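*Asks:* I would like the atomic coordinates for the input below:
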Amino acid sequence: LRQTPEAVVRAAAEEDVAFVGISMLSGAHMTLVPRVLDLLKAEGLAGEVEVFLGGIVPNEDAEALIKMGVAKVFGPGTPLDQTRDYIRERWAARRKAA
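*Replies:* This is a model prediction of the structure:
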């Protein structure tokens, strides 16, 4: 909650995560999420860590974020089990590819 992009990427690197999920309700998604993506790239983690986003994100912004490297954008009202299933599917795909 209320973490800076630098703190998010530092934690991702330290914890060796496969996914970073960001919940964004502030409207700052077009500023903060690209910063997270840039920092992941700088750390050499861009291909290893998948970023997904939930919150109030207009469709045009969601499309732009996906082009930047966000794996998935979940809109308002997305059931939690849909997010859970997405993570499980992506984790299974990663394990199968390894």
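
*Asks:* okay, CA-based contacts and neighbour counts for the rest of this
*Replies:* Will do.

*Asks:* tell me, how many neighbours does Val36 end up with?
*Replies:* 22 (other CA atoms under 10 Å).

*Asks:* Can you pull out the low-pLDDT segments for this structure?
*Replies:* Scanning the chain with the threshold set as pLDDT under 70 gives 1.

*Asks:* need the longest helix for it.
*Replies:* Criterion DSSP state H: the longest helix present in the chain is helix 80-97.

*Asks:* outside of that helix, which residues touch it?
*Replies:* Identification of contacts with helix 80-97 by CA atoms under 8 Å, 6 or more residues apart in numbering yields Phe74.

*Asks:* Run the chain-centre distance for that helix.
*Replies:* Helix 80-97 sits 13 Å away from the centroid of its parent chain (CA atoms, centre = their mean, to the nearest Å).

*Asks:* which parts of it are buried?
*Replies:* With burial defined by 16 or more other CA atoms under 10 Å, the residues of helix 80-97 counted as buried are 83, 87.

*Asks:* Can I get that helix in CSV, CA atoms only?
*Replies:* What follows is helix 80-97, C-alpha atoms only, in CSV (Å, rounded to 0.1, in the frame of the first residue of the first chain):
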residue,chain,number,x,y,z
LEU,A,80,-11.0,-12.0,-7.1
ASP,A,81,-11.2,-15.6,-8.3
GLN,A,82,-10.6,-14.4,-11.9
THR,A,83,-7.3,-12.7,-10.8
ARG,A,84,-6.4,-15.8,-8.8
ASP,A,85,-7.0,-18.0,-11.8
TYR,A,86,-4.9,-15.8,-14.0
ILE,A,87,-2.0,-16.0,-11.7
ARG,A,88,-2.3,-19.8,-11.4
GLU,A,89,-2.5,-20.2,-15.2
ARG,A,90,0.5,-17.9,-15.7
TRP,A,91,2.5,-19.8,-13.0
ALA,A,92,1.7,-23.1,-14.6
ALA,A,93,2.7,-21.8,-18.0
ARG,A,94,6.1,-20.6,-16.5
ARG,A,95,6.7,-24.0,-14.9
LYS,A,96,5.9,-25.9,-18.1
ALA,A,97,8.3,-23.7,-20.1
